[in-house]
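> sequence plus the predicted model coming up.
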Amino acid sequence: MPARVVFFDWVYDARSRSLFDNPQETETGKLVERKAREAIETLDPEEQELVHLYWFEGRSINEISKTLGRRQYRIEAMHRRVLKKLKKKLSQFVSETFGIAAETDPDCIICNHPQRAAIEQVLRKKRPDETFRGVYRELRERFGLKISTPQILIGHMKYHMK
């Protein structure tokens, strides 16, 4: 059975010219490009390489895993992590510039709680040398939250807190 060949016009266009080299470029377009580049520059070098290979060169996850010498599931996880990081870094800019609010993570119990701000204050009070035991107790008593693992709190603090 012959392999299926697919041609993506947008990949060809992205490789052949910059998306922002239009002579009628707006100030907003320049600002978006600058903010996106700044956000990408804050990523780890390997994450930057993933962004370059996937979004600018149009390579597949499989090709990238071979290039970087990592298993495919690791590259997929890194890609999800990079998207979360970029979304977090750019959400305020997008909200202020275009009036588009960032969506909360539908699986995050804290993001979906009506008293999210108060819960985040409790999380900010935790010192690095403390365990999460006291935080668990306070969240259960004050907000009725039953957190089963510290990874839930750590994930929220890392990816969702502003």
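All right, it came through fine. The model shown is predicted, which means the values in this text are computed figures rather than measured ones.

> the longest helix belonging to the chain: how far from the chain's middle?
Assignment by DSSP state H gives helix 72-98 as the longest helix of the chain. Taking the mean of its C-alpha atoms, helix 72-98 sits 2 Å from the chain's own mean (C-alpha atoms, centre = their mean, to the nearest Å).

> starting at the chain centroid, how far to stretch 30-46?
12 Å.

> next, count neighbours for Ile119.
Residue crowding around Ile119 was assessed by other C-beta atoms under 10 Å; the count is 23. In short, each C-beta sits where N, CA and C put it, glycine included.

> roughly how far apart are it and Leu153?
10 Å (C-beta to C-beta, to the nearest Å).

> hey, what's in contact with both of the two?
Ile110 (C-beta atoms under 8 Å, 6 or more residues apart in numbering).

> picking that back up, tell me the buried residues in whatever helix or strand comes next after the longest helix of the chain?
Following helix 72-98 in sequence order, the next helix or strand is helix 116-125 (DSSP states H and E). Neighbour counts over helix 116-125 (16 or more other C-beta atoms under 10 Å) mark 116, 119-120, 122-123 as buried.

> point to the helix or strand of the chain where mean pLDDT is at its lowest.
Least confident helix or strand, the chain: helix 9-16 with a mean of 43, by mean pLDDT, DSSP states H and E.

> pLDDT of the next helix or strand after that helix, averaged?
Downstream of helix 9-16, the first helix or strand assigned by DSSP H and E is helix 27-41. Taken as a whole, helix 27-41 carries a mean pLDDT of 89.

> need phi/psi at Glu130.
phi -90, psi 150 (degrees, to the nearest 10).

> skip the chain neighbours and tell me the closest residue to Tyr159.
Leaving aside its chain neighbours, Tyr159 sits nearest to Lys84 (5.2 Å; criterion: C-beta to C-beta, 6 or more residues apart in numbering).

> I figured that neighbour was touching His160, is that so?
No - applying C-beta atoms under 8 Å as the test, Lys84 and His160 come out as separate, 9.0 Å apart.
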